[in-house]
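*Asks:* got a predicted model here, sequence first, then my questions.
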Amino acid sequence: MTIKKLAVFAIAIALILGTLTLNSYVTAKDPMQYEYLVQGKREMDRKEGEGLAGEFNHLGNQGWEFVGVIPGEGDAYSVIFVRPKVSE
């Protein structure tokens, strides 16, 4: 008998918490949204003396922020940037 009561109590708590979570999700006015930029790179394609600094500065001026690097095979890698999505 007590196991059934505990199960009913746990289900009731889960339903209440689920309702509160759903209600806060639905009433959120402007959730932050992002857009991402992933650029594939290869060290072999880069000319001698050419660095990423100029490219990073250019993207930074456009609002992009560096997030990370995904390594690939050999000298290949992808650079990831993010910025808040502009509402249209």
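*Replies:* Perfect, thanks for sending it.
*Asks:* beta partners for residue 38?
*Replies:* Beta-bridge pairing of residue 38 under DSSP bridges involves residue 80.
*Asks:* partner residues bridging the residue nearest the centre of the chain?
*Replies:* Central residue of the chain (Cα atoms, centre = their mean): residue 34, 7.1 Å from the mean position. According to DSSP bridges, the residues that bridge with residue 34 are residue 84.
*Asks:* and it, how far from residue 65?
*Replies:* 10 Å (Cβ to Cβ, to the nearest Å). C-beta here means a position set from N, CA and C on the backbone, and glycine is covered the same way.
*Asks:* same question, residue 73
*Replies:* With Cβ to Cβ as the criterion, residue 73 and residue 65 are 27 Å apart.
*Asks:* tally of neighbours for the nearest residue to residue 52 once chain neighbours are set aside?
*Replies:* Distance criterion Cβ to Cβ, 6 or more residues apart in numbering; nearest residue to residue 52, sequence neighbours excluded, is residue 79 at 7.7 Å. By the criterion of other Cβ atoms under 10 Å, residue 79 has 18 neighbours.
*Asks:* isn't residue 79 up against residue 71?
*Replies:* No: under the criterion of Cβ atoms under 8 Å, residue 79 makes no contact with residue 71, lying 10.9 Å away.
*Asks:* neighbour count for residue 73 and residue 65, which is higher?
*Replies:* More neighbours surround residue 65 than the other of residue 73 and residue 65, with 13 against 6 (other Cβ under 10 Å).
*Asks:* can you list phi and psi of that one for me?
*Replies:* Per-residue torsions, residue 65: phi -120, psi 140 (degrees, to the nearest 10).
*Asks:* same question, residue 72
*Replies:* Dihedral angles for residue 72 - degrees, to the nearest 10 - are phi -120, psi -160.
*Asks:* in contact with it, which residues?
*Replies:* Counting by Cβ atoms under 8 Å, 6 or more residues apart in numbering, residue 72 touches 40, 78.
*Asks:* cool, and the one 4 residues further on?
*Replies:* Taking Cβ under 8 Å, 6+ apart as the criterion, residue 76 is in contact with 40, 41, 42.
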